[in-house]
Structures are given as structure tokens and as C-alpha cells.
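Colleague: Pasting the sequence and the predicted coordinates here, then a few questions.
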Amino acid sequence: MIKENLASIKAKLPTGVTLIAISKTKPISDVQEAYDAGQLVFGENHALEMRDKHEALPKDIQWHFVGHLQTNKIKYIVPFVALIHSIDSGRLLEAVDAEGKKRDRIVDCLLQFHIASETTKFGLDLDEAKALLESETFKNMHNVRICGVMGMATFTDDEAEIQKEFKNLHGIYDTLKQEYFGQAPYFKEISMGMSEDYAIAIEEGSTMIRLGSKIFGARNYNI
């Protein structure tokens, strides 16, 4: 059903919204099936799993890293990653920049913000992001490029709460665009919305939705 699921989702997507197929825990055969159906953008949350899939699958796939990134795993994905969604500290961004310098490439990144009520989720707040962007350390980074923001809403059935959190993230994006990236055309991404809440995210201005189970079915935790 992967091909049919993709076709159904894409038929309803507005122009300007990128669908990222979250393939974490899914076998290579499932990713290949989605690729054969025309899907080119995939997301993973484990660096080694993403590296292995990149090696095994067609090289025109765009790989997005969407999970919490450990600094000692950055080296495995920097050579090929299209976008890192989960920069949640200056220390992590500095480490990505250093690895990018070694590989002689600029790594596109999103700043991850904590917009949910759950304390278990990672992310910056607006003051922390401003401090990072105004720091001398950031000004001396030449191998990373901040392309926008990412956030995950609270896992809840309360759609008003989810909408409020996504609206908050869009507000953060607008503030950063105005104060720091007004002359940067590449700062244009708002990555928000997953399988259960992506319709609300699109209403609130998402440019990237991250869907796994809606495409591949229930997650397999045993792989």
C-alpha cells in the first residue's frame, strides 16, 4: 500500500509543502518501494541506520536527519545529508560546522524549538536561539547554513493545543526571519507536522511535513 498511500497524501498537499517520508525502522525494501513510486525525500533519526540506507539505496535520494543527534555520530551523515532538522544547541551546531569543514561542504540545518508541553522533547527557546545567532562562535561558523526552524507538537487529541503550538513555531520563524535572516533567501523552512497532526501544521504554514506511519504503516520497533 506504500505507493497508494503516497499518491493519496501527495494529491492533497498544497504547493510549497515538501513531504518527508520518515523511514526509520523500515527495511530497505520499503524505502525502495517508496522511491520507485516517486518519493525522493526520506527522514531518519539514527545516524548509523541512515548511513547504511544511503549506501544501499539510489544516490539521488535526499536524506534528512530528524532525530536527536549525538555529536559523535555527526561524522557518519555529514558527507551526504541534505538537511539536519534537529539542531538544539550551539555546541551541536559547532560540531556540525567542524565536521562540515573537514568534508569541505556547507551543511544545511534547522533550529529545533521546544514548543510542546512535554518536557521529554528537545529544543531551544527563542532567547537561546537569539543568543546562539548573536554569538561570536556562530559568526565564525562557515560550514553550516540555517535554513529555518523545526518543532514537534504535544502528543494529544486537543487540536486547539496543537494549533497553538504550531502557531507559536511560525511566530518564532517570523521573528528570526525579520531579525537575523531578512536577506537570506535560504531561510524559508518551517518543519512541523507528523502523521497525526500534519493537516493542522499545513494550516499554520508548514513547509515540510514528516510522515511515517501514514506512508509505511505502523512502526516496527524490532528492527
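Modeller: Done, it's in. Residues are numbered from 1 along each chain as shown.
Colleague: use CA for all of it now, contacts and neighbours both
Modeller: Noted.
Colleague: now what about the biggest helix by length in the chain, what contacts it?
Modeller: The single longest helix within the chain, with elements called by DSSP state H, is helix 159-179. The list of residues contacting helix 159-179 from outside it, by C-alpha atoms under 8 Å, 6 or more residues apart in numbering, reads 113, 115-116, 126, 130, 148-151, 153-154, 156, 187, 190, 192, 197, 200-201, 204-205.
Colleague: residue at max distance from the center of the protein?
Modeller: In terms of distance from the mean C-alpha position of the chain, residue 136 ranks first, at 25.7 Å (C-alpha atoms, centre = their mean).
Colleague: List the contacts of the residue nearest the centre of the chain.
Modeller: For the chain, the residue lying nearest the average C-alpha position, counting by C-alpha atoms, centre = their mean, turns out to be residue 85 (3.2 Å). Contacts of residue 85 were listed using C-alpha under 8 Å, 6+ apart, and they are 64-67, 109-112, 149-150, 191.
Colleague: Let's have these in CSV, adding neighbour count and secondary structure.
Modeller: Putting the contacts of residue 85 into CSV (neighbours: other C-alpha atoms under 10 Å; DSSP: H, G, I helix; E, B strand; the rest coil) gives the following:
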residue, neighbour count, secondary structure
64, 26, strand
65, 22, strand
66, 25, coil
67, 17, coil
109, 26, strand
110, 25, strand
111, 25, strand
112, 26, strand
149, 25, strand
150, 29, strand
191, 30, strand
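Colleague: where do the strands sit along this structure?
Modeller: According to DSSP state E, the chain carries its strands in the segments 18-22, 41-44, 62-65, 83-87, 107-113, 144-151, 189-191, 208-211.
Colleague: rewinding a little: show me what the closest residue to the residue nearest to the centre of the chain other than its chain neighbours is bridged to.
Modeller: Spatial nearest neighbour of residue 85, excluding adjacent residues (C-alpha to C-alpha, 6 or more residues apart in numbering): residue 110 at 4.6 Å. Taking DSSP bridges, one obtains residue 148 as the residues bridged to residue 110.
Colleague: and residue 110, how far is that from residue 82?
Modeller: Distance from residue 110 to residue 82, counting by C-alpha to C-alpha, to the nearest Å: 11 Å.
Colleague: Residue 67 too?
Modeller: Using C-alpha to C-alpha, one gets 14 Å for the distance from residue 67 to residue 82.
Colleague: coming back round to it: the residue nearest to residue 85: what's it in contact with?
Modeller: By C-alpha under 8 Å, 6+ apart, the contact list for residue 110 reads 83-87, 146-150, 189.
Colleague: Give me the distance between it and residue 89.
Modeller: The separation that residue 110 has from residue 89, given C-alpha to C-alpha, amounts to 11 Å.
Colleague: re earlier: put the buried members of the contacts of helix 159-179 into a PyMOL selection.
Modeller: Buried members of the contacts of helix 159-179, identified by 16 or more other C-alpha atoms under 10 Å, are gathered into one PyMOL selection as follows:
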select buried, resi 113+115+116+126+148+149+150+151+153+154+187+190+192+197+200+201+204+205
